[in-house]
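Student: got a sequence here, can you build the structure:
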Amino acid sequence: MRAAIYARYSSENQRPESIEDQVTACRRLAAERGFQVADGSVYADPACSGARRDREGLRALMAAAEDHQFEVLLVDDLSRLARDNFLMLQILAELHFIAIRCISVADGLDSSDEEATLGIQIRGIFNELQLRDLKKKTLRGQLGQKRRGFSVGERTLGYKSVPVGEMRMDKKGRPRPEGYRMEIEPTEAAVVLRVFKAYAEEQSMTRIVRALNEEGVPGRFRTSKGWSPATVSRMLDNEKYMGRWVWNRTESRRDPRTGRRRRFEKPESEWVVHKEERLRIVPQSLWEAVLAKRKAARRTWPGGKGRRGFSKKQGSRQHHYPTHLLSGGMACGACGAAMGQVSGKAGGYYGCLGAVKGACENKMLVRRSLAEQIILAAVGERLSSVASFREVLERVEREVGKLYADVPETIRLRETELTAEERRRANFVDFIGEGRGSTALGKALVETERRVEALRAELEGLQRSREKVFQAPPIEWVEERLGEFQKVLERRTETSARLLRRIVGPIRLEPQQVDIGRPYYLARTALDALVLIEKPPSGTGPEGGSNSLRWWRRWDSNPRPKNASP
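Tutor: Below you'll find the model as predicted:
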């Protein structure tokens, strides 16, 4: 039998040799039982929590299992597969569905053995309790450090962590200080103070971000996209900069439906709050001025403290209410930021919004009407083949017919069962009518009536499904609907914009630099790679047309008017 091996060690136990030890134990069992383990059938997730579903090694393992590349899965113990009991049982159920055994070497459990079912459940509960106990001990240790005045991983721009106290050797022979304390980092603190002052002086968030990116001011984490309004917004709300440090304010819980973690706020009684004036970066008067401005700004937006019109989780307006056909559906091929309308002249030009913030070097523009014209033409070409659509619909009809091929036979069998049950029910009624009834006979009559009702309901469902089996429509109907479909796209409405996204998928605009001629965009979509370029109008010069850079140069050199396009 072909076998695969899965190994994992958790992030709290950083020992790479653990993977090798687990694989060795699994190979030993494979040799004893005559399993064959191919070189590419060993999957591992080093330094990864067993409570997570989104593990690279586990995803590769399940993909290979669905492809039937092996029949047996070997793990050192079930906790390697998952620490969460619900997740472990879910994975085992998926493996069982595709007829794959799971054998735990250390536990001595085999999922194909019915007697091992209870053992697997007990082991899963035990592993989950161990994980919860570890979390409690970790939180208890961190709480002790906080009460002694130390910091526990509270990394923040403007501060640095400094070791204090006596150095000791841990269990692995590494030197560890008694604890860590936060101190102000002068260079980063100057950046924080600059942001607060700029915001208090009525500078917009976008203007602050653009200045930081253009000057190359480093942040806490270096990313290709640089500073963003969200980063500055979180900074302006951070109470640490006015000397108030709150710990244990939130906790993360994993959503069992999606596997993603979400943060939830804890009761205020569990918070650990420290006021440390020595760690203050922002003066009190400046903090209060910024706080008042932030409150006023929140009240002017839907979802803010006054809640005017939209829910708190309204999301991107361009995504839900696109103003143009391609709004919210394009991304810059250079930095990955969204592409939006950056100029309103001549019907509008699309450009990289990351470049507007100064975080991207791609300052190429494309005329909005040109992009819409080319992409709509590509969609229309794909939709013009009525015969192709008819062939697809006929293929769907054949496949659906295969799925419902056994429905007539199933209906015949259920009708036979229903006749037998009705006859049985009539006999019971006759016996009771003759005075020969009993308690057992009464229970049998009730059970028979229940089966009769269930069979009738099943028959009704089967007959409805047989009547509604998909049939390919005539070609005239397809042609008419495709014509209406193109009309919807040409209306430039919100509906057509959302519909277009589903057809072409995400559009990635990749700037193309050429030796001869003007640069242009290559739009990569689910349909094809489309070239967004046109001949320059007469008299516009080498930089005219759809990809003009002159607007960017004027925009860079001159301050923008307040009523300019974003």
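Student: residue contacts, the closest residue to Val282 other than its chain neighbours?
Tutor: Nearest residue to Val282, sequence neighbours excluded (Cβ to Cβ, 6 or more residues apart in numbering): Tyr241, at 4.5 Å. For the C-beta atoms, the positions are set from N, CA and C on the backbone; glycine is no exception. Listed by Cβ atoms under 8 Å, 6 or more residues apart in numbering, the contact partners of Tyr241 are Gly158, Val192, Phe196, Met235, Arg280, Ile281, Val282, Trp287.
Student: which non-adjacent residue is nearest the fifth one?
Tutor: In space, Arg280 comes closest to Gly243 once its chain neighbours are excluded; the distance is 3.9 Å by Cβ to Cβ, 6+ apart.
Student: and the third one, by the same measure?
Tutor: Closest residue in space to Phe196, ignoring its immediate chain neighbours: Val282 at 5.2 Å, by Cβ to Cβ, 6+ apart.
Student: again, but for the second one
Tutor: With Cβ to Cβ, 6+ apart as the measure, Gly158 is the residue that lies nearest to Val192, at 4.4 Å, once sequence neighbours are left out.
Student: which residues sit in contact with the one you found?
Tutor: Ile184, Glu185, Glu188, Ala189, Val191, Val192, Lys240, Tyr241, Ile281.
Student: and those residues, which two are furthest apart?
Tutor: For those, the maximum inter-member distance is 14.4 Å, found between Val191 and Lys240 (Cβ to Cβ).
Student: hang on, the earlier thing: tell me the one among the contacts of Gly158 nearest to Leu129.
Tutor: Lys240 (35.5 Å).
Student: separation between the closest one and Val273?
Tutor: 11 Å (Cβ to Cβ, to the nearest Å).
Student: who has more neighbours, these two?
Tutor: Taking other Cβ atoms under 10 Å, Lys240 and Val273 do not tie; Lys240 has more neighbours (22 against 12).
Student: for that one, what are phi and psi?
Tutor: phi -60, psi -30 (degrees, to the nearest 10).
Student: show me the shaky parts of the stretch 101-250 of the chain.
Tutor: 172, 221-224 (pLDDT under 70).
Student: OK, contacts around Leu459?
Tutor: Ile411, Arg414, Glu415, Leu418.
Student: and the residue nearest to Phe196, its phi and psi?
Tutor: phi -100, psi 120.
Student: ends of stretch 355-363, how far apart?
Tutor: Separation of the first and last residues of stretch 355-363 by Cα to Cα, to the nearest Å is 6 Å.
Student: check which residues of that stretch are buried.
Tutor: In terms of neighbour count (16 or more other Cβ atoms under 10 Å), stretch 355-363 has its buried residues at Ala355, Val356, Lys357, Gly358, Ala359, Cys360, Asn362, Lys363.
Student: neighbours of Ala378, how many?
Tutor: With other Cβ under 10 Å as criterion, Ala378 counts 18.
Student: if we can go back for a sec, pick out whichever of the contacts of Leu459 sits closest to Gly108.
Tutor: Arg414 (45.2 Å).
Student: one step back: wait, the residue nearest to Arg280 touches Trp287, no?
Tutor: No - the pair Gly243 / Trp287 is not scored as a contact, 9.4 Å apart, by Cβ atoms under 8 Å.
Student: who has more neighbours out of those two?
Tutor: Trp287 (20 against 17).
Student: how about the closest residue to that one other than its chain neighbours, what does it touch?
Tutor: In this structure, Trp287 finds its nearest non-sequential neighbour in Met242, 4.5 Å apart by Cβ to Cβ, 6+ apart. Contact analysis of Met242 by Cβ under 8 Å, 6+ apart lists Arg280, Ile281, Val282, Gln284, Trp287.
Student: what's the most distant pair in the residues you listed?
Tutor: Largest pairwise distance in the contacts of Met242, by Cβ to Cβ, is 11.5 Å, between Ile281 and Gln284.
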